[in-house]
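Below are the sequence and a predicted model; questions follow.
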Amino acid sequence: MNQKYDILIVGGGVIGSAVAREMSRYDLKIGVLEKNQDVCYETSGRNSAVIHGGFAYDIGTLKSECCVEGCLEFDKVAKELDVPFKRTGKVLVGNTQSDYESLQNTIENGKINGSIGLEMIDKARLHELVPEVIGEFAMFSPKSGIVDPFQYTIALAENAKINGVDFYFNHEVIDIHWEKNSTYTIKTSQSDFNTRWVVNCAGLGCVEISKMLGITDYQIGGTKGDYIILDKKMGPLLPMPVYPVPTNTYMGIHVTPTIDGNVIIGPNADYVDDFTYYGVPQKNMDYLAQDASNLWPHIHKSDYIRNYSGIQPKWLDGDNVVKDFVIESRKEAPQTINLVGIESPGLTSALPIARRAVKLLAECETLQPNKNFNPNRKGIVRFSEQSDEEKARLIAENPDYGEVICRCEKVTKAEIMQTIHNPLGVDTMIGIKYRTRSMMGRCQGGYCQMRIAQMIQEELNKQVTDVLYSRNGSNMFTGKVRE
Ligand SMILES: Cc1cc2nc3c(=O)[nH]c(=O)nc-3n(C[C@H](O)[C@H](O)[C@H](O)COP(=O)(O)OP(=O)(O)OC[C@H]3O[C@@H](n4cnc5c(N)ncnc54)[C@H](O)[C@@H]3O)c2cc1C
């Protein structure tokens, strides 16, 4: 028999997870259908992780409105969801008269959008904020910040789950059918579902899901951005993100500290048709390093520890002009909320976008509050970040805190065990990595990977051949070499 829902959300990225969380404030039966094994395998885990100030987007757009709203509320959100966030500020660095005029225009634009505290600063102040940055002057945005994009998406999803939302991983939506009884049947790669409402949060898959809902007039262009990750020892040299002068569609190649103290370099923005290829060619890495060295002089190959890439779903009109976010409910697709073109600043804007989706729902039916809704969620305690007294207390309470599994990031057995039993039921290597930072250090899992795979296997009673690194087909082992 089909599972019956009030709302089914397609896509478990930051947007689908935020929509799930905001809708769980109401008395509704909600599910999330995600084709991957976890919530942030695609764009939501593959970005710059900057909470943008909202100054660069066209006035009056949803991008500017949602971004400013999302940026200003982020301290409260991070606290509620126990997500690492730093309001670092950010500089946009210029050198020429035309850069100066562009940055002045950006400030004017930003003020109208509602961005707070934007100012031009001279070279001396720029060097006070970011020593050794290369540039003559800058625009300073004090409200910009950095977040852990994995933890944020996971926290939204876990909070939704705590508030009653069901998550179905490995469920790719392949067909949606409007039935005579005014409900939808959703066919997935595993089973069929029945729902009154469908919310399209499919990111790069938003056009396919729109078509399944009978909405056929969107085209999406993908721009792929590659990144290099530098060793944590570089983090102290970069207190905040450093950007070049932006256009309103591209922020440019920047250098950004991550919340955990690495530095990321990127992204380029190459138009791509293949939305599944995340490889990073050497020539792109060389280009990123060369270009970013004009802003920051500390980029050396010996500090590279990894690369990654992400693809933005840009809604393009017939003339290939990039358009705004779409958050709509259309008559020809009854009981649907359709989200299209949620590119940057989608991470910053996730909750404001979700609230606008709820508003569309509330315009069509009366929503009763979920009396048990709890806005708070607690993450796993990071042992390495605790005081010596607290560390001693934790070890006395649970000796597994005394055993370090990932030496680079100092992640203990207790943290890995809690993660293996995470609320969303995720059991891949990368699921553990995103939640604990194990395997993210200098050795990239060389030391701890086998031990973690063994813990997943033993703890969840899995066959060794069933432990996945990330997606289907990424099996860690083909069998035992000897008994
Ligand atoms: C290079 C780059 C840099 C960026 N930098 C920033 C930044 O610094 N700050 C910022 O605010 N924003 C940034 N963004 C934008 C931000 O990352 C995205 O807007 C946001 O992550 C979009 O989230 P999403 O949930 O819509 O998409 P996704 O994370 O892609 O989630 C969509 C989900 O839908 C699932 N799905 C798709 N089709 C189906 C189907 N048929 N069935 C089931 N599931 C399906 C996918 O598997 C995926 O998990 C950046 C993006 C990129 C690419």
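Everything's here; your move.

Spell out the secondary structure type for the most centrally placed residue in the chain.
Centroid-nearest residue in the chain, with C-alpha atoms, centre = their mean: Ser44, separated by 2.8 Å. With DSSP: H, G, I helix; E, B strand; the rest coil as the basis, Ser44 sits in helix.

Chain neighbours aside, what residue packs nearest to Gly402?
Ile395 (4.5 Å; C-beta to C-beta, 6 or more residues apart in numbering). Glycine gets a C-beta too; all of them are placed from N, C-alpha and C.

Likewise for Glu403?
That would be Lys413: by C-beta to C-beta, 6+ apart, it lies 4.2 Å from Glu403.

State the distance from the one you found to the ligand.
Here the criterion is C-beta to the nearest ligand atom, to the nearest Å. By it, Lys413 lies 30 Å from the ligand.

That residue touches Asn398, doesn't it?
No - here Lys413 lies out of contact with Asn398, judged by C-beta atoms under 8 Å, at a distance of 9.1 Å.

Surely Leu295 is in contact with Ile134?
Yes - using C-beta under 8 Å, Leu295 is in contact with Ile134, at 5.7 Å.

and the residue nearest to Glu403, what is it in contact with?
Lys413 is in contact with 400-401, 403-405, 455, counting by C-beta atoms under 8 Å, 6 or more residues apart in numbering.

Just the pLDDT for Met114.
One thing to correct before we go on: residue 114 is Gly, not Met. According to the prediction, Gly114 has pLDDT 98.

So what's the residue count around it?
By the criterion of other C-beta atoms under 10 Å, Gly114 has 17 neighbours.

Excluding residues flanking it in the chain, which one is nearest it?
Leaving aside its chain neighbours, Gly114 sits nearest to Val68 (4.3 Å; criterion: C-beta to C-beta, 6+ apart).

re the thing from before, for the residue nearest to Gly402, grab the count of nearby residues.
16.

element containing it?
Following DSSP states H and E, one finds Ile395 within helix 388-397.

So for stretch 68-83, what gets flagged as buried?
For stretch 68-83, a neighbour-count test (16 or more other C-beta atoms under 10 Å) marks 68-72, 74, 77-78, 81-83 as buried.

anything in that stretch sitting right up against the ligand?
No - between stretch 68-83 and the ligand, judged by C-beta under 6 Å from any ligand atom, nothing touches; the nearest distance is 7.6 Å.

Quick check: mean pLDDT of that stretch?
Rounded mean pLDDT across stretch 68-83 is 98.

same thing with stretch 284-293?
Averaging pLDDT along stretch 284-293 gives 97.

Can you show me the CA trace of it as CSV?
Extracted C-alpha coordinates of stretch 284-293, given in CSV (Å, rounded to 0.1, in the frame of the first residue of the first chain):
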residue,chain,number,x,y,z
ASN,A,284,41.5,24.6,-13.3
MET,A,285,43.4,24.2,-10.0
ASP,A,286,46.4,26.0,-11.5
TYR,A,287,44.1,28.7,-12.8
LEU,A,288,42.4,29.2,-9.4
ALA,A,289,45.8,29.4,-7.6
GLN,A,290,47.2,31.9,-10.1
ASP,A,291,44.1,34.1,-10.0
ALA,A,292,43.6,34.0,-6.2
SER,A,293,47.3,34.8,-5.7
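
Leaving out sequence neighbours, find the closest residue to the residue of the stretch 251-400 of the chain found nearest the ligand.
Closest approach between the stretch 251-400 of the chain and the ligand, counting by C-beta to the nearest ligand atom: Gly346, at 1.9 Å. In this structure, Gly346 finds its nearest non-sequential neighbour in Ile15, 6.3 Å apart by C-beta to C-beta, 6+ apart.

what about the one you found, which helix or strand?
helix 14-23.

residues touching Lys433, list them.
Applying C-beta under 8 Å, 6+ apart, the residues near Lys433 are 439-440, 445.

how far does stretch 89-108 stretch from start to finish?
Counting by C-alpha to C-alpha, to the nearest Å, you get 18 Å between the two ends of stretch 89-108.

got the buried residues for it?
89-94, 99-100, 102-103, 106-107.

Any regions of this protein where pLDDT drops low?
Residues of the chain that meet the criterion pLDDT under 70 lie in 1, 248.

Lys187 - how many residues pack around it?
16.

what's the nearest residue to it if we skip its chain neighbours?
Asp175 (4.1 Å).

and the helix or strand that neighbour falls within, what does it pack onto?
Per DSSP H and E: Asp175 is located in strand 173-178. In terms of contacts (3 or more C-beta pairs under 8 Å, 6 or more residues apart in numbering; DSSP states H and E), strand 173-178 is packed against strand 184-188, helix 206-212.

want to throw the ones you listed into JSON lines with distance to the ligand?
Formatted as JSON lines, these follow (distance: least, C-beta to the nearest ligand atom, whole Å):
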{"stretch": "strand 184-188", "distance to the ligand": "7"}
{"stretch": "helix 206-212", "distance to the ligand": "6"}
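
Quick one: name the residues of the stretch 301-450 of the chain near the ligand.
Contact residues (C-beta under 6 Å from any ligand atom) of the stretch 301-450 of the chain with the ligand: 310-312, 342-348.

Quick one: residues contacting the residue nearest to the centre of the chain.
13-15, 17, 149, 153, 203, 346-347.

Between which two of these is the distance greatest?
The span of these, defined through C-beta to C-beta, is set by Pro149 and Gly203 at 13.3 Å.

that older thread, show me what the helix holding Ile15 is in contact with.
7, 9-10, 30, 32, 34, 39-40, 44, 149, 152-154, 156-157, 159-160, 163, 165, 199, 201-203, 337, 339, 342, 346-347, 350-351, 353-355, 357-358, 361.

Which ones among those residues map onto helices?
Judged by DSSP state H, the subset of the contacts of helix 14-23 located in helices is 149, 152-154, 156-157, 159-160, 346-347, 350-351, 353-355, 357-358, 361.

just the buried members of the residues you listed?
Using 16+ other C-beta under 10 Å, the buried ones in the ones in helices among the contacts of helix 14-23 are 149, 152-154, 156-157, 159-160, 346-347, 350-351, 353-355, 357-358, 361.
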